[in-house]
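In: sharing a model that was predicted from the sequence below.
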Amino acid sequence: MPSIVSRLALLLALMLPCTASADTAPLNVPILMHGAIGDDACPEKGHIVEVGPEPDSFLAVQSGPGETPFREIGRLHDGDMVVVCEKLGLWLGVVYGSALLGCRTTILVPVEQQYTGPCEHGWVLSRNVSVDPK
């Protein structure tokens, strides 16, 4: 089970300049569902806030918890619902989509594991997510 220190070390290594070719796609950082008996795999729900009033304003969903070297893989708007699976620094690993009930985030997982459900998922800045009270 990777610790927060080992995941942060991996992120730091990914952010260092690399000598890979320009056509190599940036690495993705998987979202982990934290296993615990009796708890949902991703227990927090929330919604996107403070993106902007303009119709074309959006919050970029990144392929990892950061901007460079990660890429934009989706877009969320004010009011969009998300399920929070992981927190890493200023970033949240979220699952999102039109049918959150079918995303398999409320399953019980006995050990920490990568999210592999059917819904879209990625990393967003935590300041733009208002977590709903339980």
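Out: Arrived safely.
In: now the strands: where do they sit in the chain?
Out: Using DSSP state E, the strands of the chain run over 32-33, 44-48, 59-62, 72-76, 81-88, 91-96, 113-114, 120-125, 129-131.
In: return the distance of the longest one from the chain's centre.
Out: With CA atoms, centre = their mean, to the nearest Å as the basis, the distance from the averaged C-alpha position of strand 81-88 to the chain average is 6 Å.
In: pLDDT (mean, whole number) over that strand?
Out: Strand 81-88 shows a mean pLDDT of 94.
In: same thing with stretch 60-76?
Out: 92.
In: distance to residue 107 and mean neighbour count added to the strands of the chain, as JSON lines?
Out: No exception for glycine: its C-beta is placed from N, CA and C like everyone else's. Listed next are the strands of the chain as JSON lines, based on distance: least, CB to CB, whole Å; neighbours: other CB atoms under 10 Å:
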{"stretch": "strand 32-33", "distance to residue 107": "8", "mean neighbour count": "23"}
{"stretch": "strand 44-48", "distance to residue 107": "15", "mean neighbour count": "18"}
{"stretch": "strand 59-62", "distance to residue 107": "22", "mean neighbour count": "20"}
{"stretch": "strand 72-76", "distance to residue 107": "23", "mean neighbour count": "16"}
{"stretch": "strand 81-88", "distance to residue 107": "12", "mean neighbour count": "21"}
{"stretch": "strand 91-96", "distance to residue 107": "12", "mean neighbour count": "24"}
{"stretch": "strand 113-114", "distance to residue 107": "10", "mean neighbour count": "12"}
{"stretch": "strand 120-125", "distance to residue 107": "14", "mean neighbour count": "22"}
{"stretch": "strand 129-131", "distance to residue 107": "20", "mean neighbour count": "16"}
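In: okay, these in a markdown table with distance to residue 106 next?
Out: A markdown table is the format used below for the strands of the chain (distance: least, CB to CB, whole Å):
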| stretch | distance to residue 106 |
| --- | --- |
| strand 32-33 | 10 |
| strand 44-48 | 10 |
| strand 59-62 | 21 |
| strand 72-76 | 20 |
| strand 81-88 | 8 |
| strand 91-96 | 11 |
| strand 113-114 | 15 |
| strand 120-125 | 15 |
| strand 129-131 | 16 |
